[in-house]
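[1] just coords:
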Ligand code: UT7
């Protein structure tokens, strides 16, 4: 039966790029700072190391580098861009958006640029937003960026959170698809987005301009987040498969949010996705929130795993709670 919510892709991915700070923080480094061990971190999360932004290196710096890399990969210049949607929970300033800083540094003076706040699900929300705006004819070619400096909101004395996160940025260029002509057109096939604020106290930052007039630190009830993450992932992926009339057998790659290898393994198993289809970067990057999916996409595209025509499933869950999934033919 034909699914009437399914339309030909409005947008396709034209390029991907990423940026990481130079400084590597290993588990051994952390064991010298708090009461933890490499063995505990690796066995509970899969994380071996993460990158930490240098003093003065901001989210916008990483975002700009990732954006330029994605433009280079697409063979485009900033003049070709008329929309920037940037997902972050660690903006340079409360306002203006980090997106307008990136827009200005790229020398773009047309179109629009704004940030999206959906924490670890931010990239999936940003990509779906850019796709919808292009589908509506409001823009032709977008930079969709996930960029974070979570090191700035960590409590470095709290071993239950400070070992989990890292800094980085990734970006894709999303452009209007050129219409049909093939039964398997490249582009964004289907998306599902969700949120439920009933869970807002399980993963949050204990500060903000309106409440405390401080930036605050990240706080998390890890086990509760863990349990929700697996069931939310399975639900939203099943929904996006149903929308696209596809199944786990139809995908070439699963690129989940990289929070914890145990969450990824368990979700993939429940969904019937073979381990060799799963892209994993959590061991090298830790949890980079909105940056984790585009960082993983860039790694797998650069090393030749993700190729043109491959069906790629993106999925994320994070603070809010928010969660979502996107299916794209690369
Ligand atoms: O990106 C958004 C989504 N975020 C996530 O998906 C994170 C979800 N949660 C998790 O990944 C896991 O819950 C954690 C990795 C955060 C924790 O793993 P866990 O298996 O749930 O451990 P736990 O919280 O049950 O803690 C087990 C023990 C505790 O000690 P006791 O009470 O058993 O004596 C903790 O105090 O491990 C202790 N512990 C640590 N020990 C060494 C907690 N953190 C550490 C640490 N090093 N860093």
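    Cool, the structure landed. Being a predicted model, the structure only gives us computed values, none of them experimental.
[2] Could you show which parts of the chain are in contact with the ligand?
    With CB under 6 Å from any ligand atom as the criterion, the chain comes near the ligand at residues 36, 40, 44-45, 120, 159-160, 163, 222-223, 225-226, 229, 259-260, 263, 287, 317-318. (Glycine included, C-beta is placed from N, CA and C.)
[3] Which of the residues you listed fall in strands?
    Using DSSP state E, the members of these that fall within strands are 317-318.
[4] List only buried entries from the residues of the chain next to the ligand.
    Neighbour-count burial (16 or more other CB atoms under 10 Å) applied to the residues of the chain next to the ligand gives 36, 44-45, 120, 159, 163, 225-226, 229, 259-260, 263, 287, 317-318.
[5] Among these, which pair sits farthest apart?
    36 and 317 (24.2 Å; CB to CB).
[6] ok, which stretches of the stretch 51-200 of the chain are helices?
    Assigned helices in the stretch 51-200 of the chain, in chain order: 59-74, 98-105, 122-135, 159-162 (criterion: DSSP state H, counting those that start in this stretch).
[7] try the stretch 201-330 of the chain
    According to DSSP H, counting those that start in this stretch, the helices that the stretch 201-330 of the chain contains are 222-244, 261-271, 282-285, 292-302.
[8] Looking at these, spot the one closest to residue 198.
    Comparing these under CB to CB, the one sitting nearest is helix 222-244, at 10.7 Å.
[9] In terms of secondary structure, what does that closest one contact?
    Using 3 or more CB pairs under 8 Å, 6 or more residues apart in numbering; DSSP states H and E as the contact criterion, the secondary-structure elements in contact with helix 222-244 are strand 187-195, helix 261-271, strand 311-318, strand 322-329.
[10] Report the distance from the last one to the chain centre.
    For strand 322-329, the gap between its own C-alpha mean and the chain's C-alpha mean amounts to 10 Å (CA atoms, centre = their mean, to the nearest Å).
[11] Can you list the strands that that strand pairs with?
    In the sheet containing strand 322-329, the strands it pairs with under DSSP bridges are strand 187-195 (antiparallel), strand 311-318 (antiparallel).
[12] Mean pLDDT added to these, as CSV?
    Shown next, in CSV, are these (pLDDT from 0 to 100):
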stretch, mean pLDDT
strand 187-195, 97
strand 311-318, 98
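[13] which one of these lies closest to residue 206?
    Each of the strands paired with strand 322-329 was checked against residue 206 via CB to CB, and the shortest separation belongs to strand 311-318, namely 16.6 Å.
[14] mind listing what's buried in that closest one?
    Along strand 311-318, these residues count as buried under the neighbour rule (16+ other CB under 10 Å): 311-318.
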